[in-house]
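[1] Predicted model follows, preceded by the sequence.
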Amino acid sequence: MNTHELCIEVFKAIQQEHGNSTDLGSYSREERVVIIVVHAGGVIDNGGLQYLLEVGVPDDQQLNETIWAFRQIGAVHTSDAIGKLKQIFPDSRLPEAGWDRASKFHFLRESVQEALESDMIPETGGYTSLLEVFIRRHPSLLAKSKSAFIRPVVPGT
């Protein structure tokens, strides 16, 4: 089983246990990290920050939980980039409508857009590797995988 397969298997098991709930409060803290990172990481990998603004994360309109979740797996650059992105809005409060959020990003100078996106480059596409380490450090999450090859996690990796 590769890294991506493990993350998706655990994500699906968590969702199934919770009836595919979009209520983040119904998940444990560790489960919330998996749910958010798989969802938001996929959105970012497919369309960058503009797409994240457009699509959002269920039950996290202000992206505060998303910032927290990326920080939990060690994706500090991404967490910080999303925090900086929020600062383009008055009082760092995102509008309700995804199109309204995305259009604000679209009208930023291209250099500002590129700077925000480039802040995440060290982690883009690597979320699953970071998430795998997080899953393996939490036995309750790893137990949700029916086929994960159990290997030790070396602290600091």
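    Structure's in. What do you need?
[2] What distance do you get for the residue most central in space within the chain to residue 87?
    Nearest to the geometric centre of the chain sits residue 37, at 2.7 Å (Cα atoms, centre = their mean). Noted for residue 37: a distance of 22 Å to residue 87, by Cβ to Cβ, to the nearest Å. To be clear about C-beta, it is placed using only N, CA and C from the backbone, and glycine gets the same treatment.
[3] returning to what we had before: identify the residues contacting the residue nearest to the centre of the chain.
    69, 70, 73, 75, 127, 130, 131 (Cβ atoms under 8 Å, 6 or more residues apart in numbering).
[4] All the helices of the protein, residue numbers only.
    Along the chain, counting by DSSP state H, helices occupy 3-17, 29-55, 64-72, 76-86, 98-106, 110-119, 127-136, 139-142.
[5] Could you tell me the angle between the second one and helix 76-86?
    Helix 29-55 and helix 76-86 meet at an angle of 50 degrees, taking axes from the mean of the first three to the mean of the last three Cα atoms, to 10 degrees as the criterion.
[6] picking that back up, mind putting the helices of the chain into CSV with distance to residue 23 and mean pLDDT?
    Shown next, in CSV, are the helices of the chain (distance: least, Cβ to Cβ, whole Å; pLDDT from 0 to 100):
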stretch, distance to residue 23, mean pLDDT
helix 3-17, 12, 94
helix 29-55, 10, 94
helix 64-72, 12, 97
helix 76-86, 21, 93
helix 98-106, 19, 87
helix 110-119, 29, 83
helix 127-136, 21, 93
helix 139-142, 19, 92
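[7] Just send those back as JSON lines, with distance to residue 92 too.
    Formatted as JSON lines, these follow (distance: least, Cβ to Cβ, whole Å):
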{"stretch": "helix 3-17", "distance to residue 92": "29"}
{"stretch": "helix 29-55", "distance to residue 92": "13"}
{"stretch": "helix 64-72", "distance to residue 92": "10"}
{"stretch": "helix 76-86", "distance to residue 92": "4"}
{"stretch": "helix 98-106", "distance to residue 92": "12"}
{"stretch": "helix 110-119", "distance to residue 92": "14"}
{"stretch": "helix 127-136", "distance to residue 92": "23"}
{"stretch": "helix 139-142", "distance to residue 92": "31"}
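[8] Check the spacing between residue 119 and residue 133 real quick.
    Applying Cβ to Cβ, the value for residue 119 to residue 133 is 21 Å.
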